[in-house]
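Colleague: missing the sequence, but the structure's below:
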């Protein structure tokens, strides 16, 4: 067979300013009384106001590591709300957003932690910044910011199409702690994140164009300072064996299992149950079901006996007799989302598949579960979206059938505001630690991507060295996760280099279930 295409850059490093979808979901119910509850406020004015909800969704997702959240436009703020929450995050993504007097007044008076992102903080700090010892000036777009230095590590920042940095002037160094420093193309530096008392301030919105090693991770770590500064340190590694199906090579799977067992590394196997090639691209027939692949089933049980856990990775990992976007063949294509390859060779996300609905997704998921049952496999409890993409309705169906997901995800405008789905406004997010997201589902992190010896989709190769470099940056975080995946048809030497490198960095391999039961 022809090995399926790697999906690292199909869905692994979502660019937030891609266009996509919206639907209504309520925030997760309140956590246990001891868990902190975060108030997430966001800007909605101006030509880009619709993105405020997406950015707030990302904050809400991260807050789901610590407890519950409440989210709403800042315009809807009611007096006293800040005092009713353990911490507040305001996402000032729109310049000139009108701020309610009650919000500014409560923000100044309250002593709960407050994170302010981007524009408008001068309403809080006052003229000259006397109140907090720093002030915010005009946005600097002339000097591109190429990275952010944090705890001795350099985190990347894409300069193309990204905005500038709000100029921060510190007048009282004894009162202000510079938490992270922006590095400009000319070598100059500027405060990127500062703290004064209970106020944390970020000089830019950290969410556009986030990827592995990006300054987004600095913000994600600052959420610990905001909500759980005494969290115990962790160094956890996870490995997932990807895109396993009825046509996979049993010998390759056994070799992977033997190696990971020798390293005492628990692992996960993402499995789809029905191989399809409706257009005959690979000459292997139209369909092979898991129950009709006895040697593969033996290999799966062999993997389970050596520390492997099986999770469900869709039903067919493709959609109908259609190029979506490549061949219609299982593991090549999307299953729950339409896509195409444009004239420049980029994969474009188009939106939900034809006939998509929660009921449709539930039927497809039940077909997958039936395939597992027919093969004599125990019902899985963890789901991974093929190519990390589904519609709002699909996520809702998955959340009702499975305890957790193990992937990156697409989030749609309307989730926080409970409005109708807007399938043109969405953003993708990955997590550097486990969360409960706005779909109300536990998410096991995958934050390092995968081995890709030959670059694809206009991206360079991704080697073990690249994965290990990103993992090293993550070591400065309060709790460090190094989670990657590997295709079994690739050289097992790539897997060995990464596993041994992560162990040398001090990471300890754990199972996906460990992450769920001991977050």
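Modeller: Looks like it came in fine. On a predicted model such as this, the values are computed, not experimentally measured, just so you know.
Colleague: any idea which element residue 335 lies in?
Modeller: Using DSSP states H and E, residue 335 sits within no helix or strand.
Colleague: and for it, the neighbour number?
Modeller: 27 (other Cβ atoms under 10 Å). In this view, the C-beta of every residue, glycine as well, is placed from N, C-alpha and C.
Colleague: contact partners for it?
Modeller: Residue 335 is in contact with 314-319, 364, 385-387, counting by Cβ atoms under 8 Å, 6 or more residues apart in numbering.
Colleague: mind doing that once more with 10 Å?
Modeller: The contact partners of residue 335, taken as Cβ atoms under 10 Å, 6 or more residues apart in numbering, are 272, 276, 313-320, 324, 353, 361, 364, 368, 385-387, 389-390, 394.
Colleague: in what helix or strand does residue 261 lie?
Modeller: Using DSSP H and E, residue 261 sits within helix 250-262.
Colleague: list the contacts of that helix.
Modeller: 239, 241, 244, 249, 265-267, 269, 293-300, 302-308, 486-490, 492-493, 495-496, 499, 509.
Colleague: and the gap between residue 417 and residue 327?
Modeller: From residue 417 across to residue 327, the span is 38 Å (Cβ to Cβ, to the nearest Å).
Colleague: er, residue 59 actually
Modeller: From residue 59 across to residue 327, the span is 38 Å (Cβ to Cβ).
Colleague: so which of these two has more stuff around it?
Modeller: Taking neighbours as other Cβ under 10 Å, residue 59 and residue 327 compare with residue 59 leading, 26 against 21.
Colleague: tell me the secondary structure for residue 364?
Modeller: Of the three states, residue 364 takes helix under DSSP: H, G, I helix; E, B strand; the rest coil.
Colleague: count of neighbours near it?
Modeller: 20.
Colleague: do the same with residue 35
Modeller: Residue 35 - counted by other Cβ under 10 Å - has 13 other residues nearby.
Colleague: helix, strand or coil for it?
Modeller: Assignment for residue 35 (three-state DSSP): coil.
Colleague: wait, it sits on residue 87?
Modeller: No: using Cβ atoms under 10 Å as the test, residue 35 is too far from residue 87 to be in contact (12.0 Å).
Colleague: which residues do those two both contact?
Modeller: Here residue 35 and residue 87 have 66-67, 227-228 as joint contacts, going by Cβ under 10 Å, 6+ apart.
Colleague: from those, which single one is nearest residue 41?
Modeller: Distance to residue 41, by Cβ to Cβ, is smallest for residue 227 among those, at 15.7 Å.
Colleague: next, give me the two most distant ones among the shared contacts of residue 35 and residue 87.
Modeller: Greatest spatial distance among these (Cβ to Cβ): 67 and 228, at 9.0 Å.
Colleague: what's near enough to touch the spatially most central residue of the chain?
Modeller: In the chain, the residue lying closest to the centroid (Cα atoms, centre = their mean) is residue 430, at 1.0 Å. Contacts for residue 430 were tallied using Cβ under 10 Å, 6+ apart; they are 11-14, 210-212, 214, 216-217, 220, 388, 407-409, 443, 445-449, 483.
Colleague: mind listing the shared neighbours of residue 67 and residue 228?
Modeller: Joint contacts of residue 67 and residue 228 (Cβ under 10 Å, 6+ apart) are 35-36, 86-87.
Colleague: can you add pLDDT and distance to residue 403 and give those residues back as JSON lines?
Modeller: Shown next, in JSON lines, are the shared contacts of residue 67 and residue 228 (pLDDT from 0 to 100; distance: Cβ to Cβ, whole Å):
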{"residue": "35", "pLDDT": "82", "distance to residue 403": "19"}
{"residue": "36", "pLDDT": "90", "distance to residue 403": "23"}
{"residue": "86", "pLDDT": "97", "distance to residue 403": "26"}
{"residue": "87", "pLDDT": "98", "distance to residue 403": "28"}
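Colleague: hang on, the earlier thing: next step: the shared contacts of residue 35 and residue 87 restricted to helices.
Modeller: Among those, the members found in helices (DSSP state H) are residue 227.
Colleague: could you identify which of the shared contacts of residue 35 and residue 87 has the most neighbours?
Modeller: Within the shared contacts of residue 35 and residue 87, most neighbours by other Cβ under 10 Å means residue 66, with 24 neighbours.
Colleague: which residue packs closest to that residue, ignoring adjacent ones?
Modeller: residue 227 (4.2 Å; Cβ to Cβ, 6 or more residues apart in numbering).
Colleague: do residue 133 as well
Modeller: residue 172 (3.2 Å).
Colleague: and that neighbour, backbone torsions?
Modeller: phi -130, psi 80 (degrees, to the nearest 10).
Colleague: any idea how far residue 180 is from it?
Modeller: For residue 172, the distance to residue 180 - Cβ to Cβ - is 19 Å.
Colleague: which one of those two is surrounded by more residues?
Modeller: Neighbour count, other Cβ under 10 Å: between residue 172 and residue 180, residue 180 has more, with 21 against 12.
Colleague: per-residue pLDDT, the more buried one?
Modeller: We have a pLDDT of 98 for residue 180.
Colleague: doesn't it lie inside a helix?
Modeller: No: in this structure, residue 180 is strand, not part of a helix, as judged by three-state DSSP.
Colleague: if we can go back for a sec, ok, now which ones touch the residue nearest to residue 66?
Modeller: By Cβ under 10 Å, 6+ apart, the contact list for residue 227 reads 35-38, 62-63, 65-67, 86-87, 89, 113, 115.
Colleague: what subset of these is buried?
Modeller: 36-38, 62-63, 65-67, 86-87, 89, 113, 115 (16 or more other Cβ atoms under 10 Å).
Colleague: will you turn those residues into TSV that also has distance to residue 519?
Modeller: Shown next, in TSV, are those (distance: Cβ to Cβ, whole Å):
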residue	distance to residue 519
36	14
37	17
38	16
62	13
63	14
65	7
66	10
67	12
86	18
87	19
89	21
113	21
115	22
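Colleague: which of those fall within strands?
Modeller: Among the buried ones among the contacts of residue 227, DSSP state E puts 37-38, 87, 89, 115 in strands.
Colleague: what's the offset of stretch 207-218 from the middle of its chain?
Modeller: 10 Å (Cα atoms, centre = their mean, to the nearest Å).
Colleague: do the same with stretch 175-187
Modeller: Distance of stretch 175-187 from its chain centroid, counting by Cα atoms, centre = their mean, is 26 Å.
Colleague: before we move on, what about stretch 294-309?
Modeller: Here the centre of stretch 294-309 is set off from its chain's centre by 29 Å, with Cα atoms, centre = their mean.
Colleague: pLDDT averaged over that stretch - what is it?
Modeller: Averaging pLDDT along stretch 294-309 gives 98.
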